[in-house]
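K.L.:
model this:
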Amino acid sequence: MNETWIPIVMFIMLGITVLGYFYWNYQNRTTIMKTVEKAMDQGKELTPELLVQLGAAGNPRIRDMRRGVVFLALGIAGFLCSLFFADETVVNGIRAGTVFPLMLGLGFLIVWKLNRD
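P.N.:
Numbers count the residues shown, from 1 in each chain. Sure, this is the predicted structure:
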């Protein structure tokens with residue numbers, strides 16, 4: 001197989017993964033809004049506890065911590081993956097690609113730490 005296909009397939013799969021995440025998130029929010037809308041149409045009272053159960057009013061501080069840990073894990077996994085290759089250009093490429101999730105993870109963890117609410 002031609003070596004040119006490797007980065008092409010990698011970026012296509014990365015794009016499909018990102019699009020899948022956004023689509024799933026969109027579907028989840030749409031379902032929550034339909035549920036809230038149906039409850040309002042039926043005249044039911046929307047309590048803060050109900051909204052928390054639906055996930056519409058989750059704690060952003062916990063989300064920041066979770067995202068930070070996930071992005072840090074992705075960055076560390078990418079760095080560890082670079083240790084298995086001998087070609088210096090491949091190693092440098094993988095390590096350059098892992099800087100982005102590492103910095104995102106650190107940013108989310110800093111926001112999580114600074115947010116005292």
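K.L.:
Residue most distant from the centroid, the chain?
P.N.:
residue 43 (35.6 Å; Cα atoms, centre = their mean).
K.L.:
so how far is residue 31 from that one?
P.N.:
For residue 43, the distance to residue 31 (Cβ to Cβ, to the nearest Å) stands at 21 Å. Placement of C-beta: from N, CA and C, glycine included.
K.L.:
what does residue 70 give?
P.N.:
23 Å.
K.L.:
for this structure, where's the lowest mean pLDDT among helices and strands?
P.N.:
Of all helical and strand segments in the chain, the minimum by mean pLDDT, DSSP states H and E falls on helix 48-54, at a mean of 74.
K.L.:
Which elements pack onto the helix or strand that comes right after that one?
P.N.:
With elements assigned by DSSP states H and E, the helix or strand that comes after helix 48-54 is helix 60-82. The contact analysis (3 or more Cβ pairs under 8 Å, 6 or more residues apart in numbering; DSSP states H and E) places helix 60-82 against helix 88-114.
K.L.:
what's the angle between the helix it packs on and helix 60-82?
P.N.:
With axes from the mean of the first three to the mean of the last three Cα atoms, to 10 degrees as the basis, helix 88-114 and helix 60-82 are set at 160 degrees to each other.
K.L.:
so for helix 88-114, what's the average pLDDT?
P.N.:
Averaging pLDDT along helix 88-114 gives 89.
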